[in-house]
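S.K.: What shape does this take:
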Amino acid sequence: MLDTLVVLQRGEITEYEIYTKIAGATRDPHNREVLARIAAQEYEHYQIWKRYTAREVAPDTVRVWFYYLLARLLGITFAIKLMEGVEKRSQAVYHEIGTIIPEVKEIVAREEAHERELIGLLDEERLRYVGSVVLGLNDALVEFTGTLAGLTFAIQNSKVIAVAGLITGIAASLSMGASEYLSRKSDGGPGSPVKASLYTGSTYIITVFLLVLPYLILSNPYVALPITLTAALCVIFLFTFYISVAKDLPFWRRFVEMAVISMGIAAISFVIGLAIRALLHVDV
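M.R.: Prediction:
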């Protein structure tokens, strides 16, 4: 029992340090104040466990820095929701020892209130424009995996495919950014049309460069293509995981849906490229 309490105690002091560190790096005063208040409550929980263990426990420094850096890189919403998701596993332990330690029920209730409060308070720019990012990413993955697959069989020259792909991709990213700007401008909804267009265009072009990279490195286009498709699946997986955590959305259904669409378009374009090469007698 004592070992279990020490683990819970270390978890509370670790989360206190995480919230405190993230709060110190948060510019928004409201978010900073709420995060600091939740950190204080985590410290109170630590003191509860300390009364039973009668010892000081050091935080998990690796975990503190992991979530702090995650918050800096991917946003506090993602980092905290990921941490809260992991924390839910320890709440089963709370219920098991609730009959022995009466404060456990209060701790569990406050932890659940923390999570609801966090969901309501966080207002990050990157999540306000997540629709623009999704638009750029989806279009780049669906259109460009198909384009590269078609060009692979139509042209069969890595460097020419890479050049054609980059020209097409850059033009498409500018077009997507302009379309998103005009769409936001005409809708008159929240958010800056300029920022929305930048998020869409930059996401599109970054994805394009990632997908074209194997063709720039490898001379054999038939080796580059499966690497590009694998990279596309990795991007879909990582982005879907990010959105599913940050926005509380189902992961596997969205991942499978997006992967099937992208790979399906690539397969169709693959066949179209082969047919065009045969019909037009293209030999590059």
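S.K.: Touching, A267 and A149? I think so.
M.R.: Yes - with contacts counted by Cβ atoms under 8 Å, A267 reaches A149, the gap being 7.3 Å. Heads up, the C-betas are built off the backbone N, CA and C, glycines and all.
S.K.: Give me the more crowded residue out of the two.
M.R.: Neighbour count, other Cβ atoms under 10 Å: between A267 and A149, A149 has more, with 24 against 14.
S.K.: got any ranges where the stretch 51-200 of the chain has weak pLDDT?
M.R.: Low-confidence segments of the stretch 51-200 of the chain, defined by pLDDT under 70: 86-96, 98-100, 102-112, 114-128, 188-191.
S.K.: redo that, cut-off 80
M.R.: Residues of the stretch 51-200 of the chain that meet the criterion pLDDT under 80 lie in 84-136, 138-139, 142-143, 146, 149-150, 153-156, 183-191.
S.K.: Tell me the secondary structure at R72.
M.R.: Following DSSP: H, G, I helix; E, B strand; the rest coil, R72 is assigned to helix.
S.K.: quick one: contacts for the most centrally placed residue in the chain?
M.R.: Per Cα atoms, centre = their mean, the C-alpha nearest to the average position across the chain is that of Y242, at 2.3 Å. By Cβ atoms under 8 Å, 6 or more residues apart in numbering, Y242 lies in contact with 74, 78.
S.K.: Tell me both backbone torsions, phi and psi, for it.
M.R.: phi -60, psi -50 (degrees, to the nearest 10).
S.K.: ok, now how distant is S173 from S192?
M.R.: Distance of S173 to S192, given as Cβ to Cβ, to the nearest Å: 18 Å.
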